Every structure is written in C-alpha cells, then in structure tokens.
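*Asks:* Starting from these lines, generate the structure:
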Amino acid sequence: MDADISYGKARVPLYRVYARPLTAVRPIPESPFTGRDNTLFALEVDVEVFGRNVLPAYTEGDNSAVVATDSMKNFVLRQALAYDGATLEGYLHDLGRGLLTTYPHMQALRVTGHERPFLPARVPDDDGAAFADSPVLFSSSHGDRALCALALDIQGDVIAVTDHRCGRVDMQLVKVTGSAFTRFVRDGYTRSTSTSTCTGPTAIPTICCRASPRATSRPSKCATSRRPSSTLS
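*Replies:* Model prediction:
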C-alpha cells in the first residue's frame, strides 16, 4: 500500500516568562524593530509527524511506533522551559531536533509556532500622576502576529532542516483617505458610482517567506496566502 501518513498535536499553548532578551537586531528601512525583552514569550505550537512506520496503527491496531499526542504536548512545554534562546525560529529548531533525537523512528516532522502577542498594560506610575507600561502585567493583543514553520528529517546520522517558512499573519489595515475606485466595468447590473476617496479595511491573511535550507540568510520565495485548516488533534 502506498500512503502518506501524518499525525500530531495542534495548538499547544505555552507561556515562558523571562526568556532571554532579543537584542542588537539590525533595523531595516521598512521597520524600526531592534529587539524585545521577552518578559513573556508566548506561543501556540503544532507538531506534525510524518512516516509510513505508523501505518500499522491504522491497519493492524499496532501502536508500538506511535508517540502519544499528550506526550508531544508535554515535550513542547518542557522544551520551552529548557530553551535558552530568544527567537521563535530558535525554539522550533530545538524542539524539532529534540523530538527526532528522542524518537528517531518519527523519520520526519514539521513544527509550527504562532506568536501569541501580549503588550504591557498601562498602569499608574509610582507617583500616580501618569500612566506607564507595566513590567509585570500584560494584555493580549489580537492584531497581526509572527508565524514560523520548520520541517526536519533524519538524513543518515544528521538531523536536517528541509524547509523553513516565516512571516506575519492576520494583518488588517485601514486607509482613511487617498484611495479611489474608478474606471471599473459598467453594465446594466452596475449601481456603484465612481469615487475618488473610499475607506475600508484591507485584510492580509498571511505574508510568508520560504528560505532555502542551504542559504537561510536570504528568502527564496515570498507569498501571500491563507493558513490551511489543521487536521491535527
């Protein structure tokens, strides 16, 4: 039987406090970002395992090669506590290598991380005369967020990264002036009128870049797409 088999654990939430700060990021013309303190390192993680060696679980009821998805969840959380880096990509790389080292019969996997952004809450300062960012209280932000996915497999004695994608998801922008809707097709069904200024939200579900594993310093492909629905547990 020729079959592609995958299974895993989806949407594992994790909250790591006081992770290593991300510093000295070189700014670019398009962004003022230079780092973050990582006081709260919050993610949602998916683990998807690939390999035909789990086929007997479906055809014969033999689960001897199956790692329980609850074990995957606990591995994700423990690895977050042990992680000494400062980036989403670094954590996923450590997680993927750790899983394949601990369970080499997995053959290949994909680990995906969705940032869960939290912003410092505004609270009264020590004098009560003004408001300032709290160093310990954070509020969930429902705006755009970072996304990263790494695919890894075992090639001989080496655990290799075979695919790397990263980007931003759920961007929603509103431009209040300077937009126009003119020179469109008009026929008997048209009721709209031309306008030199229109206001409306623009949703950009996903902006994603794929990097070549052999030259990860430059993205080889960028695209805009929607996140596929997950079939993981």
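
*Asks:* Return the distance of whichever strand or helix holds Ser71 from the chain's centre.
*Replies:* Element membership for Ser71, per DSSP states H and E: helix 69-82. Distance of helix 69-82 from the chain centroid (C-alpha atoms, centre = their mean, to the nearest Å) equals 17 Å.

*Asks:* now could you export just the CA positions of it as CSV?
*Replies:* The C-alpha trace of helix 69-82 is given here as CSV (Å, rounded to 0.1, in the frame of the first residue of the first chain):
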residue,chain,number,x,y,z
THR,A,69,-0.1,13.2,21.3
ASP,A,70,-0.3,14.0,25.1
SER,A,71,3.5,13.1,25.3
MET,A,72,4.1,15.5,22.4
LYS,A,73,2.3,18.3,24.3
ASN,A,74,4.4,17.7,27.4
PHE,A,75,7.6,17.6,25.3
VAL,A,76,6.7,21.0,23.8
LEU,A,77,6.2,22.5,27.3
ARG,A,78,9.4,21.0,28.8
GLN,A,79,11.4,22.2,25.8
ALA,A,80,10.1,25.7,26.3
LEU,A,81,11.4,25.7,29.8
ALA,A,82,14.8,24.5,28.7
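
*Asks:* which other helices and strands contact that helix?
*Replies:* Judged by 3 or more C-beta pairs under 8 Å, 6 or more residues apart in numbering; DSSP states H and E, the packing partners of helix 69-82 are strand 6-17, strand 40-50, helix 88-102. Yep, even glycine has a C-beta here, placed from its N, CA and C like the rest.

*Asks:* at 6 Å what do you get?
*Replies:* strand 6-17 (3 or more C-beta pairs under 6 Å, 6 or more residues apart in numbering; DSSP states H and E).

*Asks:* Show me the strands paired with the strand it packs on, marking each as parallel or antiparallel.
*Replies:* Sheet pairing for strand 6-17, assigned by DSSP bridges, gives strand 40-50 (antiparallel).

*Asks:* buried ones in the partner strand?
*Replies:* Buried residues in strand 40-50, counted by 16 or more other C-beta atoms under 10 Å: 40-43, 45-50.

*Asks:* Can you identify the element that follows it toward the C-terminus?
*Replies:* Using DSSP H and E, the first helix or strand after strand 40-50 is helix 55-59.

*Asks:* model confidence over that following helix, on average?
*Replies:* The average of the pLDDT scores along helix 55-59 is 87.

*Asks:* Contacts for that helix next, please.
*Replies:* 5, 62-63, 66 (C-beta atoms under 6 Å, 6 or more residues apart in numbering).
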